[in-house]
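Chemist: Can you look at this prediction? I've put the sequence above it.
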Amino acid sequence: MRLVKIWLKVLLKKPQVIRISRWGILFKFIMAIMTDLLQLAITWNAMGHAKANQATLIALQFWMSAMVNLAIAQRYLVIVLVRAHYHLLNIELRQVIDESRILSSQPRRKGAFMTKCCSLADQVDNIAKLQSQLQMIVSHLEEVFGIEALLVYSGYYIFSIAITYMIYSILKYGLDNLEMTLTSTVLSFTWCFFFYLDAILNLFNTLNLQDDHKKLARLLEERTLFDHTLDVRLEESFESMQLQLIRNPFKIEIVKLFPVSRNSAMAMFGSLVTHSVFLIQYDMEYF
């Protein structure tokens, strides 16, 4: 409830973020619908080959999968809208930097110079305030969805190894020996395609948010390239925002244990390959 309250307060300040992020929201909606429909199709096909006492377990499994997808979609939507805000902040900061650079190279007329510097300082303060609110939303988001994110990432990890082993088993033993039908196999692999496409979409959405934050920090560093020193208040506003970013580094972590970054994603992918190879080697040696 606190997260929604903060998020709505920030959203109402810049409602144009909905227009900026509409394609990301639409694509996520399509992925969620396709994943749930394929899950339903797989469940319906399995119920035709399952015993009566297993039908309840299959239906419960589908319900839990739908709830997890809903939670993932909620987190994704928040990240998408935060990214849209960062996009606008980067545009505004770029304009302020460009105007400050032009102002630093022009002859100083005391009244006009002071007025313009005060106006730019107000813009920098507003950008810093909104950036702090956005980072607080992301921090609250990781607290709210921390356990769920840990379970989801663990599920991705284990399921990826299982899918790799299943592909190997199909190639080695065939569908008939595994008691799998062609329909169930096609449905399963189609579901896997949309499942992993949705996972990649969620991952890159988070990684791109980190890139947007780094871009904001790089824009602030350009203030050192000005020809002359600006007004004291404007200089203090720039320095205050830089100190804000340094004191409160932007991190996205899972239950404050595992950072979400490109390096950690590559490490996880390498671990998946290693454990999949170990499992296949074990099968080849003992079965």
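Modeler: Now that the structure is in, tell me what you want to look at. On a predicted model such as this, the values are computed, not experimentally measured, just so you know.
Chemist: pretty sure residue 275 contacts residue 161?
Modeler: Yes - under the criterion of C-beta atoms under 8 Å, residue 275 makes contact with residue 161 at 5.5 Å. (C-beta placed from N, C-alpha, C; glycine too.)
Chemist: With neighbour numbers in mind, choose between those two.
Modeler: Shown here are residue 275 and residue 161; by other C-beta atoms under 10 Å, residue 161 has more neighbours (19 against 16).
Chemist: which ones are touching the more buried one?
Modeler: Going by C-beta atoms under 8 Å, 6 or more residues apart in numbering, residue 161 touches 272, 275, 276, 279.
Chemist: just residue 118 next, same as before
Modeler: By C-beta under 8 Å, 6+ apart, the neighbours of residue 118 are 231, 233, 234.
Chemist: who wins for neighbours among these?
Modeler: Most surrounded of those: other C-beta under 10 Å gives residue 234, at 25 neighbours.
Chemist: Could you check how far whichever helix or strand that one is part of is from the centre of its chain?
Modeler: Element membership for residue 234 (DSSP states H and E) is helix 232-247. Distance of helix 232-247 from the chain centroid (C-alpha atoms, centre = their mean, to the nearest Å) equals 28 Å.
Chemist: which outside residues touch it?
Modeler: 100, 117-118, 120-121, 124-125, 127-128, 131-132, 216-217, 220, 223, 229.
Chemist: Need the worst-confidence member of these.
Modeler: Checking pLDDT across the contacts of helix 232-247, the minimum falls on residue 229 at 70.
Chemist: For that one, which three-state class applies?
Modeler: Following DSSP: H, G, I helix; E, B strand; the rest coil, we place residue 229 in the coil state.
Chemist: contacting residues for it?
Modeler: Per C-beta under 8 Å, 6+ apart, neighbours of residue 229: 104, 235.
Chemist: roughly how far apart are it and residue 239?
Modeler: 12 Å (C-beta to C-beta, to the nearest Å).
Chemist: returning to that earlier point: which one (most neighbours) among the contacts of residue 161?
Modeler: residue 276 (18 neighbours).
Chemist: Could you export the contacts of residue 161 as CSV, including secondary structure?
Modeler: Below are those laid out as CSV (three-state DSSP):
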residue, secondary structure
272, helix
275, helix
276, helix
279, helix
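Chemist: Taking those, tell me the two that lie furthest apart.
Modeler: By the measure C-beta to C-beta, 272 and 279 form the most distant pair in the contacts of residue 161, at 10.7 Å.
Chemist: Next, the residue nearest to residue 79 when sequence neighbours are not counted: secondary structure please.
Modeler: Leaving aside its chain neighbours, residue 79 sits nearest to residue 205 (5.3 Å; criterion: C-beta to C-beta, 6 or more residues apart in numbering). Three-state assignment for residue 205 (three-state DSSP): helix.
Chemist: need the contact list for residue 205.
Modeler: Contacts of residue 205 by C-beta under 8 Å, 6+ apart are 24, 76, 79, 80, 83.
Chemist: what's the farthest-apart pair in those?
Modeler: Spatial extent of the contacts of residue 205 (C-beta to C-beta) is set by the pair 76 and 83 at 10.5 Å.
Chemist: helix or strand for residue 91, which one?
Modeler: Per DSSP H and E, residue 91 falls inside helix 52-105.
Chemist: other SSEs contacting that helix?
Modeler: helix 2-13, helix 17-20, helix 22-47, helix 110-144, helix 146-173, helix 182-221 (3 or more C-beta pairs under 8 Å, 6 or more residues apart in numbering; DSSP states H and E).
Chemist: do that again at 10 Å, thanks
Modeler: helix 2-13, helix 17-20, helix 22-47, helix 110-144, helix 146-173, helix 182-221, helix 232-247 (3 or more C-beta pairs under 10 Å, 6 or more residues apart in numbering; DSSP states H and E).
Chemist: now those as a markdown table including distance to residue 104?
Modeler: Below are those laid out as a markdown table (distance: least, C-beta to C-beta, whole Å):
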| stretch | distance to residue 104 |
| --- | --- |
| helix 2-13 | 30 |
| helix 17-20 | 31 |
| helix 22-47 | 37 |
| helix 110-144 | 10 |
| helix 146-173 | 45 |
| helix 182-221 | 15 |
| helix 232-247 | 10 |
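Chemist: in the stretch 151-287 of the chain, which ranges drop under the pLDDT threshold?
Modeler: Along the stretch 151-287 of the chain, segments meeting pLDDT under 70 span 227-228.
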